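Novice: Generate coordinates for the sequence data below:
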Amino acid sequence: MNKYQKTCVFFCALILSVLVISFLFLNKRTSIVFGPGLQDFSKNLTSSYMLYRNSAHEIFVAPDNGWNSETAIIPSKVIKVNVYNEFIVAERQDLKRRSPKDSLDTYEIPDENVKDFWILNTDKNEVWGRLSGDGLKRKLDSLHIPATIELVDIYKY
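Specialist: Down below sits the predicted model:
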């Protein structure tokens with residue numbers, strides 16, 4: 001076997017081994033490496049708004065046809081939600097920077113100590129946020145939303 005044939009056989013074996021390895025180890029997990037995660041989803045809340053889960057901490061409410069800075073949304077991390085007529089009511093867990101002293105690390109993690117409530121009026125593009133428990137009760141009353149509205153975990157909604 002000459003030098004050319006040995007080189008050709010080596011590269012063919014290398015390509016074949018890469019294909020076999022990728023088939024064996026990445027076949028079922030390809031979407032994790034190259035696409036959305038297995039837990040990501042979107043759910044209809046109203047005729048025009050959806051609940052989006054793009055990652056473990058990026059869970060928010062926004063219009064299904066896109067949005068900009070003028071559009072009312074409920075930012076991440078929504079943990080409970082429910083709908084009453086044109087209103088979307090949500091409980092949200094605030095996020096904080098993982099490494100606040102590192103300007104290059106902008107990854108955010110849940111702040112276990114900060115939870116608040118949000119109400120979004122889908123008809124009027126209005127949102128009221130960062131409400132405490134008492135603030136939520138007062139706002140529900142002023143908007144004629146029953147105070148007994150049950151917020152449902154996003155994974156059960």
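Novice: now for stretch 115-129, what's the gap between its first and last residues?
Specialist: Terminal residues of stretch 115-129 are spaced 11 Å apart (CA to CA, to the nearest Å).
Novice: How far off centre is the lengthiest helix in the chain?
Specialist: Of all segments of type helix in the chain, defined using DSSP state H, the longest is helix 3-26. Using CA atoms, centre = their mean, to the nearest Å, the mean C-alpha position of helix 3-26 is found 40 Å from that of the whole chain.
Novice: average pLDDT across that helix?
Specialist: In this model, helix 3-26 has a mean pLDDT of 76.
Novice: ditto for stretch 124-142
Specialist: Throughout stretch 124-142, pLDDT has a mean value of 96.
Novice: okay, how far is it across that stretch, tip to tip?
Specialist: End-to-end distance (CA to CA), stretch 124-142: 16 Å.
Novice: Can you name the helix or strand that the closest residue to Y84 other than its chain neighbours falls in?
Specialist: Distances taken as CB to CB, 6 or more residues apart in numbering put I145 closest to Y84, at 5.0 Å, once the chain neighbours are dropped. (C-beta placed from N, C-alpha, C; glycine too.) Taking DSSP states H and E as the definition, I145 sits outside all helices and strands.
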